[in-house]
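Here's a sequence, model it:
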Amino acid sequence: MTAAEIAYPMILLASTNLLMLWIAARLFRANILLSGQRVTPGNVWDAIRMPTRA
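From the prediction side, this is the model:
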């Protein structure tokens, strides 16, 4: 095995984990589950696209 064959899956795994963490944080912040709304693909997409408030 070359270094590239080892590094590529590790980079892919790390970047996927960061993306999933970012999406989970956006959904948690949007309080989809606590607002009484059903979790639908549209609600999830709106929560991901919602601008961050500082």
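
Would you map the helices across this protein?
Listed in chain order, the helices of the chain (DSSP state H) span residues 3-30, 41-49.

helices or strands next to the longest one in the packing?
If you count contacts as 3 or more C-beta pairs under 8 Å, 6 or more residues apart in numbering; DSSP states H and E, helix 3-30 packs onto helix 41-49. C-beta coordinates here come from the backbone N, C-alpha and C atoms, glycine included.

Look up how far Gly36 lies from the residue nearest to Ala47 when sequence neighbours are not counted.
Taking C-beta to C-beta, 6 or more residues apart in numbering, and ignoring the residues beside it in sequence, Ala47 has Ala30 as its nearest neighbour in space, at 3.7 Å. When C-beta to C-beta, to the nearest Å is the yardstick, Ala30 and Gly36 sit 13 Å from each other.

Neighbour count: those two, which is higher?
For Ala30 against Gly36, the residue with the higher neighbour count under other C-beta atoms under 10 Å is Ala30, and the figures read 17 against 7.

was I right about the residue nearest to Ala47 contacting Met50?
Yes - at 5.8 Å, Ala30 and Met50 qualify as touching, with contact defined as C-beta atoms under 8 Å.

still on that earlier bit, if I pick the residue nearest to Ala47, what's in contact with it?
With contact taken as C-beta atoms under 8 Å, 6 or more residues apart in numbering, Ala30 is in contact with 46-47, 50.

Turn those residues into a markdown table, columns for neighbour count and pLDDT.
Formatted as a markdown table, the entries for these read as follows, by neighbours: other C-beta atoms under 10 Å; pLDDT from 0 to 100:
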| residue | neighbour count | pLDDT |
| --- | --- | --- |
| Asp46 | 12 | 80 |
| Ala47 | 19 | 74 |
| Met50 | 12 | 72 |
